[in-house]
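Colleague: how does the following fold in three dimensions:
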Amino acid sequence: MENNFKEPKFNTTPFTCPHCQAIAQMNFITPNKIKQGIYLNLQDIKENYLYASENARNRVNDIEHIVDIYEKFANSFAICQNCKKISIWVDEKMIYPKPRLTPLPNKDLPDDIKADYEEASLIVQDSPRGACTLLRLALQKLMIYLGEDKNLDKAIKSLIDKKIINEDLQKALDSVRVIGNSAVHPNELDIKDNQGIAIALFKIINYIAEKMLTDKKKVNEIYDILPETAKRENRKD
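Modeller: Numbers count the residues shown, from 1 in each chain. As a prediction, the model looks like this:
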């Protein structure tokens with residue numbers, strides 16, 4: 001799979017910027033440090049004769065008030081060294097802009113399945129269980145797209161019987177099926193607040209798509225350039 005995504009994590013760098021989508025170094029700055037710098041500058045103003053005016057005093061008071069609010073509600077800012085835009089973090093979670101915590105969907109997935117994938121990506125931070133449910137639906141649609149049964153258990157068994165999938169791919173398919181089922185019908189696997197499992201499932205969906213769609217597409221592209229006589233000569237029947 002293409003390594004073009006690195007999940008944003010607090011006080012960790014580099015990661016994929018939510019603004020420019022580049023994997024870039026991030027400069028984390030705490031509001032407390034910003035406040036200290038601003039207060040030092042304001043102190044210089046207070047010591048200046050211009051502070052004697054009522055307008056100047058009001059402006060300084062406004063600035064101090066704004067800085068106090070930022071310090072209270074934001075734990076940190078991260079500045080992207082590629083695009084220079086900032087992200088805001090509270091309780092070690094990015095709250096602005098809406099973070100992308102998952103890789104982009106495999107480009108060979110059908111558009112309606114990509115839509116389910118992207119919808120799941122938007123909610124994974126707030127509802128890992130909801131994201132897993134959507135990814136199970138995406139896998140179900142993929143099986144139908146491949147001409148298999150809409151029942152995932154039957155579809156996976158069919159692919160095994162046809163020797164279309166190997167053991168690793170079977171494990172990947174079963175992982176999405178079981179975790180997706182647990183999201184709808186909680187049992188011994190509780191994923192209600194388990195964001196890590198949900199995010200891993202996005203990677204598995206892309207792995208499945210790569211093996212079942214992308215790899216097949218690459219082989220067909222090469223095979224299609226062969227002369228027809230060569231194709232016939234290599235047939236075993």
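
Colleague: spatially central residue for the protein, please.
Modeller: residue 102 (1.6 Å; CA atoms, centre = their mean).

Colleague: for it, what are phi and psi?
Modeller: phi -130, psi 160 (degrees, to the nearest 10).

Colleague: from memory residue 77 sits against residue 90, does it?
Modeller: No - with contact defined as CB atoms under 8 Å, residue 77 does not count as touching residue 90 (10.8 Å). (Each C-beta comes from the backbone N, C-alpha and C, glycine too.)

Colleague: what about the two, which has more around it?
Modeller: Here residue 77 and residue 90 are set side by side on neighbour count (other CB atoms under 10 Å), and the busier one is residue 77, at 19 against 13.

Colleague: ok, that one - contacts?
Modeller: By CB atoms under 8 Å, 6 or more residues apart in numbering, residue 77 lies in contact with 28, 29, 30, 31, 34, 86, 87, 88, 89.

Colleague: how about the secondary structure of residue 116?
Modeller: helix (DSSP: H, G, I helix; E, B strand; the rest coil).

Colleague: could you measure from the nearest residue to residue 27 once chain neighbours are set aside over to residue 224?
Modeller: The shortest distance from residue 27 to any non-neighbouring residue, by CB to CB, 6 or more residues apart in numbering, is to residue 79 (4.5 Å). To residue 224, residue 79 is 48 Å away according to CB to CB, to the nearest Å.

Colleague: try residue 16
Modeller: 35 Å.

Colleague: then residue 11?
Modeller: 50 Å.

Colleague: equivalent analysis for residue 144, please.
Modeller: 26 Å.

Colleague: please apply the same query to residue 137.
Modeller: 33 Å.

Colleague: which of those two has more neighbours?
Modeller: residue 137 (17 against 8).

Colleague: helix or strand right after the longest helix anywhere in the chain?
Modeller: Of all the elements of type helix in the chain, the one with the most residues (DSSP state H) is helix 54-73. Next helix or strand after helix 54-73 toward the C-terminus (DSSP states H and E): strand 76-80.

Colleague: residue 155 falls within a helix, correct?
Modeller: Yes - when three-state DSSP is applied, residue 155 is found to be in a helix.

Colleague: let me know the pLDDT of it.
Modeller: Here, the pLDDT recorded for residue 155 equals 93.
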